[in-house]
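Asks: any chance you could fold what I've pasted below:
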Amino acid sequence: MAESPASRTLPLAVWAPTATTLRAVLPAGKDDGPDAWVSLTRDDAGVWHGELPADTDYLFAVDDQAPRPDPRSPRQPHGIHGPSRTFDAGAFAWTDAGWRGRDVLGGVLYEIHVGTFTPEGTLDAAIGRLDYLATLGIDTVELMPIVPFPGDRGWGYDGVSLYAVHEAYGGPAALQRFVDAAHARGLAVCLDVVYNHFGPDGNYAPVFGPYFTDKHSTPWGSAINLDDEHADGVRAFIVDNAVRWLRDFHVDALRLDAVHALVDDSPRHILAELSDAVAAFTQASGRVATLIAESDENQVTTITPTADGGRGMDGQWADDVHHALHAWLTGERFGYYVDFGSEETLAHAFEHVFVHDGTFSTFRNRTWGAPVPDDVERTRFVVFDQNHDQVGNRGLGDRPSARLAPAQVAGGAALLLLSPFTPLLFQGEEWGTQRPFLFFTDHSAELGAAVTRGRRAEFATHGWAELYGPDVTIPDPQALDTFAASRLDWDEPTSPAHAPLLGWYRTLLRLRREHLGEARQEFSTAHGTGWFSFRNGPLRVTVAAHADTTVPAAGSLVAAFGSVEQAPGAIRLICPAVAVTLE
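Replies: Coordinates of the predicted model:
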């Protein structure tokens, strides 16, 4: 007879290299007398080992200090400040034995925030929408960070207990159920992970060891210790975390947040070490795993193999493509859009990926980036016209559909989805939702007030009053209404106001599947004042976003949105409009 999960004993391991004693404290009930405790033993690497039964609550006491949650806690059922709980990751009955993973690059990604994707805001509720995503034509569901953070609601980028799953989302077992259900529908799962900082509330890692260093600074303060004394333990914490999501939760890909903030002067960069560890996992397991980095460095070394001296990421986000497309469609030129907006810049982005590829960046006030060689596969770059950053970091969290005509939105979608890159959609954009995605938090009163003040002070200097009007008020991140306003409305997709655009996205996704295969296609661009066009393999996309245009058409018109007229050898687009021809 198999051992029941409740009777299993699970290992504990916590890195505390300078501790002289370390105990696991088992909190007693209110009327149950003093806490029990279990001593752990130290190995030569400064890791303390012990074991506890499954589903046991515990804290760690370092050198008889106040007991704190486990930095590698697999579960935090009582919140970020409460006891950790052991979790038997091997108890789940997976049904995806035939799933060997998928290289998510080249497919279509769909980013969701678990808390606002459904009314319930849980991973189990999100399972109920997987059939919709599969039918839409999505290949990979990308989850914004799901590790524990303060309160119930937040973006997840200020998480702590990086080995656990936020309880308001359902905890770690719910993530296993979600991934298993996604695989049953042919969908891969990408998890957004944050290794460049810990959140400001509930970060007890420094109690255990030198997780931070003053050698470097980041926007969040002292840097994660990747190259100072005792850095090996911190590096192992990161690498083991990445492999755990792939091994214990069957996740197919990881998106690494803001890797430019992983300041590492070691001979071997942490990303290269992580990449090699994941490669070893894939070889041993026979499952494909993909690593995607968010980086603003505009350097192809991010995706250069480690054997060639690179950092070994499989893909990276390409913000310059977003900036070029967004600025061209909207006419916005403030902040980091200052160097973008022309048809020439848009063409450069689609042809060469990085706009700042060794050129001067006005926003940064310095020369930035390096060219992407022509032989680097364009599917290794993830592009988007919406994501959590580019929507949520706007003053009012407004989406392009709130300001653009539907045909302009449709044009941006065609350029995105029929491009040579790997496209990513952000929840609800495919039906043109105008519900915002705002920045929201659930901090304690004191920290929450500081976040609110800081957010409003930041946006006071970013030109939002010019865009929104002088009386604009940036929504309070702490207000429950701010979170509620960001929740998707699932009645919208079938409404007359949104169904046409959803049908357009379905058409584009079908055309991508039918005509843009895995092999690299011949690609070229053309443009004129107010219009832009590219040909990717047999498909030509022409968007008249700001002026009417007539373009030669050697093939047949296969899709159009807006006023499009076909004549012998030519197509006329009456702005705004988009046409797709098969040549």
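Asks: so where's the chain uncertain?
Replies: Low-confidence segments of the chain, defined by pLDDT under 70, are located at 1-7, 29-34, 461-463.
Asks: what residue is smack in the middle of it?
Replies: Asp192 (4.4 Å; CA atoms, centre = their mean).
Asks: which non-adjacent residue is nearest Trp245?
Replies: Nearest non-adjacent residue to Trp245, counting by CB to CB, 6 or more residues apart in numbering: Val251, 4.5 Å away. In this view, the C-beta of every residue, glycine as well, is placed from N, C-alpha and C.
Asks: which SSE is that neighbour in?
Replies: Per DSSP states H and E: Val251 is located in neither a helix nor a strand.
Asks: could you report the neighbour count for it?
Replies: 25 (other CB atoms under 10 Å).
Asks: so what does the helix or strand hosting the residue nearest to the centre of the chain touch, helix or strand wise?
Replies: Using DSSP H and E, Asp192 maps to strand 188-193. Counting contacts by 3 or more CB pairs under 8 Å, 6 or more residues apart in numbering; DSSP states H and E, strand 188-193 packs against strand 140-143, helix 171-184, helix 231-248, strand 253-256.
Asks: now tabulate these in JSON lines and tack on mean neighbour count and distance to Pro53.
Replies: Below are these laid out as JSON lines (neighbours: other CB atoms under 10 Å; distance: least, CB to CB, whole Å):
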{"stretch": "strand 140-143", "mean neighbour count": "26", "distance to Pro53": "30"}
{"stretch": "helix 171-184", "mean neighbour count": "22", "distance to Pro53": "17"}
{"stretch": "helix 231-248", "mean neighbour count": "19", "distance to Pro53": "18"}
{"stretch": "strand 253-256", "mean neighbour count": "26", "distance to Pro53": "31"}
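Asks: select, out of those, the one closest to Gly159.
Replies: Taking CB to CB, helix 231-248 is the member of the helices and strands packed on strand 188-193 nearest to Gly159, at 11.5 Å.
Asks: compute the inter-axis angle for that closest one and helix 171-184.
Replies: Helix 231-248 and helix 171-184 are oriented at 50 degrees to each other (axes from the mean of the first three to the mean of the last three CA atoms, to 10 degrees).
Asks: ok, now which ones touch the residue nearest to the centre of the chain?
Replies: Glu142, Leu143, Met144, Pro145, Gly156, Leu254, Arg255, Asp257 (CB atoms under 8 Å, 6 or more residues apart in numbering).
Asks: same question, Asp265
Replies: So Asp265 contacts Lys215, Asp227 (CB under 8 Å, 6+ apart).
Asks: now it: how far from Thr213?
Replies: Noted for Asp265: a distance of 11 Å to Thr213, by CB to CB, to the nearest Å.
Asks: go on, Val451?
Replies: 25 Å.
Asks: show me which of the contacts of Asp192 is closest to Ser222.
Replies: Once CB to CB is applied, the member of the contacts of Asp192 that ends up nearest Ser222 is Asp257, at 17.7 Å.
Asks: for Gly171, which non-adjacent residue is spatially closest?
Replies: Nearest non-adjacent residue to Gly171, counting by CB to CB, 6+ apart: Val165, 5.3 Å away.
Asks: show the contacting residues for the closest residue to Ala261 other than its chain neighbours.
Replies: Spatial nearest neighbour of Ala261, excluding adjacent residues (CB to CB, 6+ apart): Asn196 at 3.8 Å. For Asn196, the contact set (CB under 8 Å, 6+ apart) comprises Thr218, Trp220, Ile224, Asp257, Ala258, Val259, Ala261, Leu262.
Asks: so Tyr336: helix, strand or coil?
Replies: helix (DSSP: H, G, I helix; E, B strand; the rest coil).
Asks: that one - how many residues pack around it?
Replies: For Tyr336, the neighbour count with other CB under 10 Å is 16.
Asks: what's the separation between it and Asp481?
Replies: According to CB to CB, Tyr336 and Asp481 sit 29 Å apart.
Asks: repeat that for Cys190.
Replies: Distance from Cys190 to Asp481, by CB to CB: 30 Å.
Asks: more crowded one of the two?
Replies: Cys190 (23 against 11).
Asks: next up, the contacts around the more buried one.
Replies: 104, 109, 140-143, 251-255, 290, 292.
Asks: which of those sits closest to His443?
Replies: Out of the contacts of Cys190, the member with the shortest distance to His443 (by CB to CB) is Leu143, at 22.0 Å.
Asks: residue contacts, the closest one?
Replies: Ile112, Val114, Val189, Cys190, Leu191, Asp192.
Asks: ok, back up a step: strands - which of the contacts of Asn196 land there?
Replies: Judged by DSSP state E, the contacts of Asn196 include Thr218, Ile224 as members of strands.
Asks: ok, of the contacts of Asn196, which come out buried?
Replies: Neighbour counting by 16 or more other CB atoms under 10 Å classes Thr218, Trp220, Ile224, Asp257, Ala258, Val259, Ala261, Leu262 among the contacts of Asn196 as buried.
Asks: let's have these in TSV, adding distance to Asp471.
Replies: TSV is the format used below for these (distance: CB to CB, whole Å):
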residue	distance to Asp471
Thr218	35
Trp220	32
Ile224	41
Asp257	34
Ala258	33
Val259	39
Ala261	35
Leu262	41
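Asks: nearest to Thr41, of the residues you listed?
Replies: Among these, and counting by CB to CB, the member closest to Thr41 is Ile224, at 27.3 Å.
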